[in-house]
Every structure is written in C-alpha cells, then in structure tokens.
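> Sharing a sequence plus its predicted fold:
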Amino acid sequence: MGKVAITLNGSETKNIYPTMTIAVSALACGDEVFIFVLPSGLPVFVDGKIAELNKAAPALPDLEELFEGYQALGGRILVCELGFEVHGLTEKDLIEGCEIVGATTFVAEAQGAQLTLSF
C-alpha cells in the first residue's frame, strides 16, 4: 500500500477529472490518497459545482459518482485555508467532507508519498 498526494490548482474540467480519476483509481488499488485543494481549485468544492461540471462534460465519467466513490473509499480532501478570502467563501459554502488546513499540513501529510501529482 502506497501514499498518493495530489494538488488541485484549478476549477475547470481539465483539472478535476484527472484528479478524481487518478485519486479513485489509487484508492481502489489500496493506496492512501489525499487531495490538497489550492485556492484556484476551491470553487470545485462549493455546493452544486460538481453537478455543474458534470453537465459541462457529458462524454466523461460521472463526476458525482467519482467523488462519492472517492469519499466511500476513504479519500481525504484538504482545502487550503487561504482560498476562502480570495473567493469570498466560507466553510459553510463547501460540500461535506472537506478539511480546512494550512500549507504546513499538506507538507506534513505529503511526507513519504510515493506519488505526487498536480492538476
């Protein structure tokens, strides 16, 4: 069992689909996985945004199902605390299951990761 750290640095389909596809695949292989959401990626996790992105890319896998699978398999979403002020959001705007953290938490969690990716 390995450890996979993924940073999400954008809120478009080109960022979230590869992130979620690789994250769910790694979890299914038995790896520990977490996604660190940088400020540019924060809008993806606002309530309703995943459904909106899903509709924008009907030929791609169902993003809501990928996200549900990610959570069901124990994947973690660490959201950078700096993004809230940038986007005028609060913790209440996010979907359930996100952990609000600082960059130092990401660095500590990433220690020992066998694979680190950024989208």
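That came through fine.
> So the closest residue to residue 12 other than its chain neighbours versus residue 1, what's the distance?
Leaving aside its sequence neighbours, residue 12 sits nearest to residue 53 (CB to CB, 6 or more residues apart in numbering; 7.9 Å). Every C-beta, even on glycine, is put in place using the N, C-alpha and C of the backbone. Plainly put, residue 53 is 30 Å away from residue 1 if you go by CB to CB, to the nearest Å.
> tell me which element the residue positioned nearest the centre of the chain is part of?
The geometric centre of the chain, computed from its C-alpha atoms, lies nearest to residue 35 (CA atoms, centre = their mean), at 4.4 Å. Assignment of secondary structure by DSSP states H and E places residue 35 within strand 32-37.
> Just the pLDDT at the spatially closest residue to residue 20 that is not a sequence neighbour, thanks.
Leaving aside its sequence neighbours, residue 20 sits nearest to residue 66 (CB to CB, 6+ apart; 4.2 Å). Residue 66 is assigned a pLDDT of 94 by the prediction.
> Residue 66 against residue 21, yeah?
Yes. At 6.7 Å, residue 66 counts as touching residue 21 under the criterion of CB atoms under 8 Å.
> Poorly predicted segments of this protein, please.
Within the chain, no stretch has pLDDT under 70.
> Show the residue spans covered by the helices in it.
Using DSSP state H, the helices of the chain run over 13-28, 49-56, 63-72, 83-87, 103-110.
> ok, back up a step: so for residue 53 and residue 1, which sits in the more crowded spot?
The neighbour comparison of residue 53 against residue 1 (other CB atoms under 10 Å) goes to residue 53, with 20 against 7.
> any idea how far that one is from residue 26?
21 Å.
> returning to what we had before: report the distance from the strand holding residue 35 to the chain centre.
Put simply, strand 32-37 sits 6 Å off its chain's centre (CA atoms, centre = their mean, to the nearest Å).
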